[in-house]
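> the amino acid sequence is not available; the structure is as follows:
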Ligand code: DQA
C-alpha cells in the first residue's frame, strides 16, 4: 500500500508556531513517527510539505497512478483552495483530511473546508495523533 502525506503552509513551523494551539512536536518528528508506524504495517509512506499551492498541486499530479491513498493537512488552504481540491479530484486518489486542531472550535472562517465533502473522511482535533488515526482508517479500509 502506497500512502502520500501532504502538509500545507506554515506546518513547517510546527514546534515553534503557536505551541499552545498546535503542540510542541516538529513536523519532522511527527513524520518520523508516522513513517516508523507505516513501516511496521507494510505501508510505503512518502511525505511532502510546502508553503506553495503550486508545489502541492504538482505533487498531487505526480501521484497519479503512483499512490493508493493521500493523507492531507491542507492547513490554511483548507479554507481557500478550490485548485487544491480540484487537483485531488483530478487524480481520483481517495484522501483523508487531517487537522491538528478542531477547526469547528475556532474562528468562523475555519469552519468551512473545500475538502471535507469529497474526502473519504476527516479527522480533526486529535493533534499529531490524527495522522496515525488516518493511517489506521486507511489500513482498516483496504
Ligand atoms: C490546521 C487548521 C487550519 O485552520 C490552519 O490554517 C492551519 C492548521 C490544523 O492542522 O489544525 O494551518 O489545518
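All right, it came through fine. Nothing here was measured: the structure is a model prediction, and the numbers come from that model.
> does the ligand sit close to the lowest-mean-pLDDT helix or strand in the chain?
Counting by mean pLDDT, DSSP states H and E, the chain has its least confident helix or strand at helix 19-22, which shows a mean of 92. No. For helix 19-22, no contact with the ligand is found by Cβ under 6 Å from any ligand atom; the gap never falls below 6.8 Å. Using the backbone N, CA and C atoms, a C-beta is placed for each residue, glycine as well.
> what distance separates that helix from the centre of its chain?
Mean-position distance between helix 19-22 and its chain equals 18 Å (Cα atoms, centre = their mean, to the nearest Å).
> so which residues of the protein form helices?
19-22, 27-40, 53-62, 82-91, 129-141 (DSSP state H).
> quick one: the third one to helix 82-91, angle?
Calculated by axes from the mean of the first three to the mean of the last three Cα atoms, to 10 degrees, helix 53-62 forms an angle of 10 degrees with helix 82-91.
> what's helix 53-62 in contact with?
Residues from elsewhere that reach helix 53-62, judged by Cβ atoms under 8 Å, 6 or more residues apart in numbering: 4, 6, 8, 48, 50, 70, 74, 77, 81, 83-84, 87-88, 90-91, 93.
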